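Engineer: got a predicted model here, sequence first, then my questions.
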Amino acid sequence: MMTYKGYNGIVSFDDEAGLFHGEVSDLRDVITFQGRSVDELRNAFQESVDDYLAFCEERGEQADKAFSGKFVLRVDPQLHRQLAALSLQDGTSLNSWVSSRLHSVVASEIETLRP
């Protein structure tokens, strides 16, 4: 993953074309970039983000921001009660407890994706 001005780029490699492809991952708008080397890819990523920000400014629009780290999750009230009880047992806030569990799930999922 690449990061620039708070925006994250996810990169893949096309072996047939000999080309790195990337996309800014945390926006509703689609921003892509590509390059044949790491340096070329990094420059293309930064230029794409800068171009996007300039385009938004020219149009008088607010650019999408990277994820804030906050999201609303609606669950069944009984599940909410159970989660709150588990977090209390753990001695942590509900937010910390859920965040910790989500970190574990993501780490596990990423591990299963590794070759």
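Structural biologist: Structure's in. What do you need? Numbering: from 1, shown residues only.
Engineer: now residue 53: how far from residue 29?
Structural biologist: 11 Å (CB to CB, to the nearest Å). All C-beta spots, glycine's among them, are computed from the backbone N, C-alpha and C.
Engineer: what does residue 91 give?
Structural biologist: 42 Å.
Engineer: and residue 67, what pLDDT?
Structural biologist: Confidence at residue 67, expressed as pLDDT, is 66.
Engineer: the one 3 residues further on now?
Structural biologist: The confidence metric pLDDT takes the value 77 at residue 70.
Engineer: how many other residues sit next to residue 17?
Structural biologist: 10 (other CB atoms under 10 Å).
Engineer: can I assume it sits in a helix?
Structural biologist: No. Secondary structure of residue 17 (DSSP: H, G, I helix; E, B strand; the rest coil): coil, not part of a helix.
Engineer: model confidence for it, exactly?
Structural biologist: Per the predicted model, pLDDT is 92 at residue 17.
Engineer: ok, it - contacts?
Structural biologist: Residues in contact with residue 17 (CB atoms under 8 Å, 6 or more residues apart in numbering): none are found.
Engineer: can you check residue 23 too?
Structural biologist: Contacts of residue 23 (CB under 8 Å, 6+ apart): 9-10, 30-33.
Engineer: low-confidence stretches in the protein?
Structural biologist: In the predicted model, the chain carries pLDDT under 70 at residues 66-68, 115.
Engineer: where exactly do the strands run in it?
Structural biologist: For the chain, the strands defined by DSSP state E occupy 2-4, 7-14, 19-24, 32-35.
Engineer: which one of the ones you listed lies closest to residue 73?
Structural biologist: The closest of those to residue 73 is strand 7-14. By CB to CB, the value is 21.7 Å.
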